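Asks: mind folding the following:
(chains A and B)
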Amino acid sequence: MASPAETVAFLREVRLFKDVAAPELSVLGASLRERALKRGQVLFREGDVGEEMFLVRQGSIVISKPVTGRVEQVLARIGPGDFFGEMALFDHSPRSATVQSDSESSLLVLDREGLRRLTEESPRAAAAFFQALVQVFIERLRASGDLVAEVTRWGLEATGLDLDAR
Amino acid sequence: MSETAATPSSPPPRRAQLELLVRRDDEGFDVRQIGSATAFVQSRPKRVADDSWELAEVASRVAGQRGFFLKNTTTDRFLLLTEPEKFLWEQMDGRTSLQEIATAYVLRYGAFDFDIIPALIRKLQRAHLLTLTPTSRLRQALARNRRIPVAKALEIGLTALERINISSRNVHRVFVWLYRFGGFLLFTRGAVVACILLGIAGLVAGAHLWREADTVVSGFGGHALKAVLSVKGLFFLTVAAHQIVHGLALVHYRRRVREFGFTFLHGFVPTFYVDVTDIFMASRKARVVTAVAGTLVHLVLGSLWFLLAAQAPLGSFTQAFAATSGMIQWQALVVALYPFCFIEMDGYHVLVDVLGVPTLKQEASSWVARLVTGRAPWRFGRQEQLWAGYVLLSTVSVAAFIAFNVWLIIHAVS
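Replies: Predicted structure coming up:
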């Protein structure tokens, strides 16, 4: 279990909170819960209900989407300082992918109530948080476009299909 | 297989890779990187159902060249195939991988055009005449029956064993060195004569020992089973020598040894292996010599063991051990050279090369399965006779081999 000071020190390194002042980070840190994952443990599956986002403090997280049977496509690998699960926090929809730990991992959990408190108690900090969040969203949107292109290229190469010649 | 032409200033494009997560039964998972090239060569193209296509030979415009019209009867689309393309089309049965098809092509035509398979696949896909199946039939069957504990255990075991592969792709220089410093002697007339003489001497010694088999095996005392197992272990090491000689044959014919290593064949047979695919580009004589040369290791070693056993005191442990080792080496020689045993060993490769039927085992097994289930007519043309002969001889041979070994072990133990 990390001390509040350690949690704040960690949050300072997180890109999402880079523009949030130290006192506000302390308030935010107080509303975060810790969650430990064993290697191979599934945190949640696609379709599960959820209203929390997670910050990776330690370890490695694999985000995947079921493809067929036991096979899933790896969408992303998340390491310390990065975050995931934020979509359910905002749109109230079921989880869009499955998340599991690739090693012993430690997470910090921010739920809807924690976010509401941050927004009400420190609008300026909340604005900085949302600004950083949008930037990460844009990057991920671009990355998912690249992934679609890579998967399509893989499919064409693996099946020998040549659309140029059509 | 078809690489884009590269210039010094533009390296070839990187092959796409997928990262896949595969769940295990113990709640864990594995993440695997699968390259598109790997998926391509392991895929098993499958023709559409037999009632969805027709093939007709067309009169050639150029003397000596045959052409074929392939028609998709569902879409009414036509393709014009050359004779080699028709051959490839016939291999695309959903059981044979592209890698195996390429090998079959080389055995049939003695050369390989790197573009022909991808180009044909593209043509067939455009005409909706093909599907691609990426996994092996055994693994598909095991996956389907995962609820059965034995199938589940087998699947887990095979997956684990399949990952064990200790190999090097940078071995050609080592083989060249071995060849230069003595290996070349194996490919001289003197070596052939020595082999024949040793074989005759071994045969005489073996026959002599066979007449006194009971006394010879009594040398094991009460540890017969343990001794037989240690003989088998020792034999396993000689498989490496067998593979090394295959590699030396490649060097002899100025071809390249691409890989040497240890793996579990089909996921469960521990073996050393050498990649001899480059010999496909050489003459038929070179292919036959390469196939046979490795097996002669067992002839030589078996004969030496028999000669040693013949010299050892009657009924001693040394004699029993040497005689058993000789017997196993000679069994290995027979198994490797004898083509009718459902295993694609050296003798099988020589046979299919000579017959010009590179997928004999697959075709014969498939035909018999269809015959037994009433899906193939009782018609016995030349091809069917070949298939029936292969399956019959192989079945009888495997049964005889198993019976002989059971008898041998029972005899040794009693």
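
Asks: and the residue nearest to the spatial centre of chain B, which of the three is it?
Replies: Central residue of chain B (C-alpha atoms, centre = their mean): B:Glu344, 3.9 Å from the mean position. Here B:Glu344 is recorded as coil under DSSP: H, G, I helix; E, B strand; the rest coil.

Asks: wait, it sits on B:Lys361?
Replies: Yes: counting by C-beta atoms under 8 Å, B:Glu344 does reach B:Lys361; the two are 6.4 Å apart. All C-beta spots, glycine's among them, are computed from the backbone N, C-alpha and C.

Asks: quick revisit: if I look at the residue nearest to the centre of chain B, how far off is chain A?
Replies: Applying C-beta to the nearest C-beta, to the nearest Å, the value for B:Glu344 to chain A is 26 Å.

Asks: got the confidence number for that residue?
Replies: What the model reports for B:Glu344 is a pLDDT of 80.

Asks: buried sites along the longest helix anywhere in chain A?
Replies: Within chain A, and with DSSP state H defining each element, the longest helix by residue count is helix A:123-159. Of the residues in helix A:123-159, A:125-126, A:128-129, A:132-133, A:147, A:153-154, A:157-159 count as buried by neighbour count, 16 or more other C-beta atoms under 10 Å in any protein chain shown.

Asks: give me the subset of the residues you listed that also touch chain B.
Replies: A:153-154, A:157-159 (C-beta under 8 Å from any C-beta of the partner chain).

Asks: for chain A, which segments are assigned as strands?
Replies: A:33-37, A:42-44, A:52-58, A:61-68, A:71-78, A:83-84, A:98-101, A:105-111 (DSSP state E).

Asks: most tightly packed of those?
Replies: Mean neighbour count, computed with mean count of other C-beta atoms under 10 Å in any protein chain shown, is highest for strand A:98-101 among the strands of chain A, reaching a mean of 23.

Asks: quick check: can you name the pairing partners of that strand and their directions?
Replies: Applying DSSP bridges to the sheet, strand A:98-101 is found paired with strand A:42-44 (antiparallel), strand A:61-68 (antiparallel).

Asks: what's the least confident stretch among these?
Replies: Among these, strand A:61-68 scores lowest, with a mean of 90.

Asks: now do that strand: distance to the chain's middle.
Replies: Relative to its parent chain, strand A:61-68 has a centroid offset of 14 Å by C-alpha atoms, centre = their mean, to the nearest Å.

Asks: residues touching that strand, excluding its own?
Replies: A:37, A:43, A:46, A:54, A:72-79, A:84, A:96-102, A:105, A:107, B:20-21, B:29, B:31 (C-beta atoms under 8 Å, 6 or more residues apart in numbering or on different chains).

Asks: hang on, the earlier thing: arrange the strands paired with strand A:98-101 in JSON lines, one row each, with distance to B:Gly110 as further columns.
Replies: Listed next are the strands paired with strand A:98-101 as JSON lines, based on distance: least, C-beta to C-beta, whole Å:
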{"stretch": "strand A:42-44", "distance to B:Gly110": "54"}
{"stretch": "strand A:61-68", "distance to B:Gly110": "40"}
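
Asks: of those, which is nearest B:Ala194?
Replies: Among the strands paired with strand A:98-101, the nearest to B:Ala194 by C-beta to C-beta is strand A:61-68 (57.7 Å).

Asks: next, the angle from the closest one to strand A:33-37.
Replies: 60 degrees (axes from the mean of the first three to the mean of the last three C-alpha atoms, to 10 degrees).

Asks: any idea of the angle strand A:61-68 forms with strand A:71-78?
Replies: 160 degrees.

Asks: for strand A:61-68, list the C-alpha coordinates in PDB.
Replies: Provided in PDB are the C-alpha atoms of strand A:61-68 (Å, rounded to 0.1, in the frame of the first residue of the first chain):
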ATOM      1  CA  ILE A  61      -1.500  -4.500 -18.900                       C
ATOM      2  CA  VAL A  62      -2.700  -6.100 -22.100                       C
ATOM      3  CA  ILE A  63      -5.900  -4.800 -23.800                       C
ATOM      4  CA  SER A  64      -7.500  -7.200 -26.200                       C
ATOM      5  CA  LYS A  65     -10.600  -7.900 -28.200                       C
ATOM      6  CA  PRO A  66     -12.000 -11.400 -28.700                       C
ATOM      7  CA  VAL A  67     -11.700 -12.600 -32.300                       C
ATOM      8  CA  THR A  68     -12.500 -16.300 -32.300                       C
END
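
Asks: the helix or strand that contains B:Leu234: which residues count as buried?
Replies: B:Leu234 belongs to helix B:224-252 when assigned by DSSP states H and E. For helix B:224-252, burial by neighbour count (16+ other C-beta under 10 Å) applies to B:224, B:227-228, B:231, B:234-235, B:238-239, B:242-252.
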